[in-house]
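test case, fold it:
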Amino acid sequence: MNETKESFAFVPEFISSSSLDVPSIHADISTQEIVQIIREGRERGILHHLDREE
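As a prediction, this is how the structure comes out:
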């Protein structure tokens, strides 16, 4: 117990950036190529298999 009769408050720290903000990389690949790779993986069941492992 605090014998000096002082009070304290816990105040959450304000973080101005999102935890999803990550540095970008320079990759010589288009958005369409990324979409195509993801679709091909889904067709083969690779991404579905990875989801079930969790």
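
before we move on, what's the pLDDT of the residue nearest the centre of the chain?
With distances taken as CA atoms, centre = their mean, the residue of the chain nearest its centroid is residue 20 (4.6 Å). Residue 20 is assigned 83 on the pLDDT scale.

so what does the longest helix anywhere in the chain touch, helix or strand wise?
If each helix of the chain is counted by residues according to DSSP state H, the longest one is helix 31-44. In terms of contacts (3 or more CB pairs under 8 Å, 6 or more residues apart in numbering; DSSP states H and E), helix 31-44 is packed against helix 46-53. For glycine as for every other residue, the C-beta is placed from the backbone atoms N, C-alpha and C.

for stretch 7-25, how far is the first residue from the last?
End-to-end distance of stretch 7-25: 48 Å, with CA to CA, to the nearest Å as the criterion.

do stretch 21-39 as well
Criterion CA to CA; first-to-last residue distance in stretch 21-39 is 25 Å.

next: stretch 23-32.
Stretch 23-32: ends 21 Å apart by CA to CA.

which parts of that stretch are buried?
Going by neighbour count (16 or more other CB atoms under 10 Å), nothing in stretch 23-32 comes out as buried.

can you give me the offset of it from its chain's centre?
Offset of stretch 23-32 from its chain centre (CA atoms, centre = their mean, to the nearest Å): 18 Å.

where does this protein dip in pLDDT?
Within the chain, the segments meeting pLDDT under 70 span 1-2, 46-54.

again, only using 90
Across the chain, the ranges flagged by pLDDT under 90 are 1-9, 11-27, 34, 37-54.

in three-state terms, label the residue nearest to the centre of the chain for me.
Applying DSSP: H, G, I helix; E, B strand; the rest coil to residue 20 yields a three-state assignment of coil.

just give me how far the longest helix of the chain sits from the chain centre.
From the chain centre to the centre of helix 31-44 is a distance of 20 Å (CA atoms, centre = their mean).
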